[in-house]
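>>> Provide a 3D model corresponding to the input given below.
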Amino acid sequence: MAKTKKIAVIGFGNIGTGVVRLLYEKGIPGLELVRVVDTDIKRKRPVEIPSSYLSTDWRQTVADPKIDIVVELIGGIEPARSILSEALKQGKDVVTANKKLLAKEGESIFKQVADSHRRIGFRAAFVGAHSLIHELGLAGTGAKEFKRIHAILNGTSNYILSSMTSEGMSFEQALRGAQAKGFAEADPSDDIDGRDTESKIRILLALISNSYRSAGAFPVEGVRDMAPQDIQYAGELGYSVKLVGVIEQNDSIFDVAVHPALVPKMSLLGSLEGAYNGTELEDEYGTISGLVAPGAGAYPTADAVVKDLLDITEGRTMPMPSSAAAITLGAIDAVRRRYYLRFSVLDQAGVLARITDIFWKHNISIAAVIQKEAVSEDFVPVVITTHLAKEGDLQAAIAQVDNLEVVKAKTRIIRILSGEA
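The predicted structure is shown next:
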C-alpha cells in the first residue's frame, strides 16, 4: 500500500476551497491535508478547517520537510512561479491548475521538474478529464502522433454562444447571464477574447509535440464581436458557432489558432451546449476520438487536482513534455480553410458579380451564396461560403472587396471546421 502523502494547498479561493473540501471533509485514502495557505485566512469559506491548518506564509510551508506535495492554486505568474520552483528545489512534487503560468513559463517549469526528477500534475490547467492527458502523453514519444486537435476549451464562451443560439440573445445579454450563473468573472476578458483558450492550447501543443519550448505567436480571436445574425445564418446552414482552439500537424509543422468557427451541428463539438468543454482528436491512423468535460466551476477543477494527487501518490506515470526541441509553426497565410463570409452591400444589380470576380482572381471557389432580407435601408446582407482556400488569398480578396463603394461595412469572416463541400 502506498504511503500517505501530506498535502499543502496554497490558494484558498473557489478552487482551493473545492480541493480542501474533498481532502478534508470527504477524505481521500492516501492523501492527508496538513496545511492551507492564503493571504486572507480570516474570511469565511463554505468549508471550515482547524485554525492550526492555516498559514499566510507560503515560504515556510514549502520548506516544511513533512509536506510531500504542494498544490498551487493562486493563479497568475508571481508568486505562483516562485512557489512551484521552490517546492521543486525542496524535493517536493507539485500540482497546479495555473494555465496562464504554464503557457508563459512552461519551458522553465517543465525543465526544472525533469532536472529535479520530481513530478508535476497539471490536468486542471487545460481540461480536467482523466483520460485526455494520458492519451496526449503518448504523443511525441513515438507511441502515437496526432494529426489534429479541435477543441472547445472555455466554458464561459461556450455558455455565451449557446445562449445566443438557443435563446436569440445578444452577446451582452448572454454575457450577463453567464456572470449571473457564476460562469463568467466580473472581468471576462481572458475568456471572451480567447486568451484563456490560447493558454490551454499552448499546453496541449507542448504535450503533443513533447516539447516544453515556448511556441511562437499564433492567431487568437475571441467572441466579443459575435453578432446574433451570424449565429442565426450559421444555424440555417447546418452549423453551430463555437470558439475553438485548433492544432493541426503535418510533417512536424503545426498550424495553431484560436478563433470562432462554424462547426457542423451534429458533430461532437457542434452539439456541445452550456459551459462544457470538448476535444476532438485525430491520430496518425485517421482514428477520430472525442472527450467531453465540464468547462467551468470549482468542483470539476478540484476533482482534476485530486486526480493528479492520486496519480502521484499511487506512482502512476505523469505525462509531461520532456524535450527541448523547437516547435515549428506553419505560415499563417498558407493555412487552407473553408470560410463563412457576410457582406453588407447595396441592393443593386452587378454587386455579386464584382465580388465573385475578385474571388476568381484570388483562387477562391464559392460553395454557396445566400442573399438575406434587408435589415437596413442602406444595405442587404449577402452570405457566401467558400470551398477550401488559403488564408492569405482570402484576406487579400476581402481587403479588395471591402474597398468597393457598394460595400457598406467590414466583411464578417468566420472559419468553417469541416471538409470540402
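>>> nearest residue to residue 392 in space, please, no chain neighbours.
residue 333 (2.9 Å; C-beta to C-beta, 6 or more residues apart in numbering). Backbone N, C-alpha and C define where each C-beta goes, glycine included.
>>> my bad, residue 101
residue 80 (5.1 Å).
>>> that neighbour: how many residues sit nearby?
If you count neighbours by other C-beta atoms under 10 Å, residue 80 ends up with 23.
>>> what residues are up against it?
72, 74, 96, 98, 101 (C-beta atoms under 8 Å, 6 or more residues apart in numbering).
>>> dump the residue contacts of the third one.
Going back to what we said before, that points to residue 96. Contacts of residue 96 (C-beta under 8 Å, 6+ apart): 71, 72, 73, 80, 84, 102, 120, 121, 122, 124, 125.
>>> please apply the same query to the first one.
The neighbours of residue 72, taking C-beta under 8 Å, 6+ apart as the test, are 10, 11, 80, 83, 84, 87, 94, 95, 96, 97, 98.
>>> rewinding a little: pLDDT wise, what is the residue nearest to residue 101 at?
We have a pLDDT of 98 for residue 80.
>>> over to residue 124?
88.
>>> got the contact list for the closest residue to residue 257 other than its chain neighbours?
Residue nearest to residue 257 in three dimensions, not counting chain neighbours: residue 219, with 4.5 Å by C-beta to C-beta, 6+ apart. Applying C-beta under 8 Å, 6+ apart to residue 219 gives the contacts 257, 258, 259, 332.
>>> for residue 107, see how far away residue 219 is.
22 Å (C-beta to C-beta, to the nearest Å).
>>> which secondary structure element contains the residue nearest to residue 24 when sequence neighbours are not counted?
Closest residue to residue 24 apart from its sequence neighbours, by C-beta to C-beta, 6+ apart: residue 33 at 5.0 Å. Following DSSP states H and E, one finds residue 33 within strand 31-37.
>>> pick out the most distant pair among the contacts of residue 219.
The span of these, defined through C-beta to C-beta, is set by 258 and 332 at 12.6 Å.
>>> those two - which one has more neighbours?
Shown here are residue 258 and residue 332; by other C-beta under 10 Å, residue 258 has more neighbours (27 against 16).
>>> can you name the residues that contact the residue lying closest to residue 77 once chain neighbours are set aside?
In space, and not counting its chain neighbours, residue 77 is closest to residue 101: 5.8 Å by C-beta to C-beta, 6+ apart. Neighbouring residues of residue 101 by C-beta under 8 Å, 6+ apart: 75, 76, 77, 80, 81, 84, 109.
>>> also residue 205?
215, 247, 254, 256, 327.
>>> my guess is the last one contacts residue 212, does it?
Okay, so that is residue 327. No - when contacts are counted by C-beta atoms under 8 Å, residue 327 is not listed as touching residue 212 (9.6 Å).
>>> who touches both of these two?
By C-beta under 8 Å, 6+ apart, the residues touching both residue 327 and residue 212 are residue 206.
>>> what about the helices in the protein?
14-20, 58-63, 80-89, 99-116, 130-136, 155-167, 171-180, 189-192, 195-209, 228-236, 298-313, 351-361, 391-402 (DSSP state H).
>>> residue 15 and residue 306 touch, don't they?
No - counting by C-beta under 8 Å, residue 15 stays clear of residue 306, with 11.3 Å between them.
>>> follow-up on the earlier one: of the contacts of residue 96, which belong to strands?
Members of these lying in strands (criterion: DSSP state E): 71, 72, 120, 121.
>>> so what's the last one closest to, chain neighbours aside?
The one in question is residue 121. Per C-beta to C-beta, 6+ apart, closest to residue 121 is residue 308, 2.6 Å.
>>> show the pLDDT at the one you found.
The model's pLDDT for residue 308 equals 93.
>>> so what's it up against?
Per C-beta under 8 Å, 6+ apart, neighbours of residue 308: 95, 121, 122, 123, 124, 318.
>>> can you do 6 Å?
By C-beta atoms under 6 Å, 6 or more residues apart in numbering, the residues touching residue 308 are 95, 121, 123.
>>> the spatially closest residue to the first one that is not a sequence neighbour and residue 58, how far apart?
Read it as residue 95. Distances taken as C-beta to C-beta, 6+ apart place residue 121 nearest to residue 95, at 4.0 Å, with adjacent residues excluded. In this view, residue 121 and residue 58 are 18 Å apart by C-beta to C-beta.
>>> repeat that for residue 321.
26 Å.
>>> cool, residue 400 as well?
Taken as C-beta to C-beta, the span from residue 400 to residue 58 is 57 Å.
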